[in-house]
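K.L.:
coords below, sequence missing:
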């Protein structure tokens, strides 16, 4: 089972690298694409994959999250996930752009931020149709990715709210671009 999971992730990473190197809409600056050798990742680690209940907030509060260019982005605090990494309790807030959206947006920072991973944090996107098994969501840090502003300063990306800063190292997912 793990080998199948690992192979799928490796194939997805190859496809992403191909996209970033060759596609016109790639966030990699055009002048860097010729020398682009691919993104760097932590090794796939099953301890960073969780099946969790989303604890929905009874009141869906709209908040403003600043982006990397200082603009306001509107999100709804939808719910939270609670989990343990190395016996340390953690929680992450899941946001939505619209209360009816089926996608959860989870920006976060951890102890690898600005050391091994992007300094502004990483993201997870959970799609109800792909990342939900019964009543549980699959929170898989092996799928954590850098926002496009990590590759190119012309993009602006939502910053990580203080409530989504983890006090553990998440050595899974995408590392720093350079």
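P.N.:
That came through, no problem. None of the values given here were measured: they were computed from a predicted structure.
K.L.:
nearest spatial neighbour of the residue nearest in space to the middle of the chain, skipping sequence neighbours?
P.N.:
When Cα atoms, centre = their mean is applied to the chain, the residue found nearest the centroid is residue 123 (2.0 Å). Once flanking residues are discounted, residue 123 sits nearest to residue 107: 5.2 Å by Cβ to Cβ, 6 or more residues apart in numbering. Where you see a C-beta, it was placed from the backbone N, CA and C, and this is true even at glycine.
K.L.:
shaky segments in the chain?
P.N.:
Low-confidence segments of the chain, defined by pLDDT under 70: 1-2.
K.L.:
Show me where it has its helices.
P.N.:
2-22, 30-33, 128-131 (DSSP state H).
K.L.:
Of all the ones you listed, which one is nearest residue 99?
P.N.:
helix 128-131 (13.3 Å; Cβ to Cβ).
K.L.:
roughly how far is that closest one from the heart of the chain?
P.N.:
Chain-centre distance of helix 128-131: 15 Å, with Cα atoms, centre = their mean, to the nearest Å.
K.L.:
Could you name the helices and strands sitting against it?
P.N.:
With contacts taken as 3 or more Cβ pairs under 8 Å, 6 or more residues apart in numbering; DSSP states H and E, helix 128-131 sits against strand 136-140.
K.L.:
circling back: got the helices of the chain as TSV, with mean neighbour count columns?
P.N.:
Output for the helices of the chain, formatted as TSV (neighbours: other Cβ atoms under 10 Å):
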stretch	mean neighbour count
helix 2-22	13
helix 30-33	11
helix 128-131	12
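K.L.:
Need those in a markdown table (columns: distance to residue 74).
P.N.:
What follows is the helices of the chain, written out as a markdown table (distance: least, Cβ to Cβ, whole Å):
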| stretch | distance to residue 74 |
| --- | --- |
| helix 2-22 | 28 |
| helix 30-33 | 32 |
| helix 128-131 | 21 |
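K.L.:
Among the ones you listed, which comes closest to residue 40?
P.N.:
Closest of those to residue 40 is helix 2-22, at 10.1 Å (criterion: Cβ to Cβ).
K.L.:
Just name whatever secondary elements the closest one is in contact with.
P.N.:
Using 3+ Cβ pairs under 8 Å, 6+ apart: helix 2-22 touches helix 30-33.
K.L.:
so residue 62 sits right up against residue 76, yeah?
P.N.:
Yes: here residue 62 lies in contact with residue 76, judged by Cβ atoms under 8 Å, at a distance of 5.5 Å.
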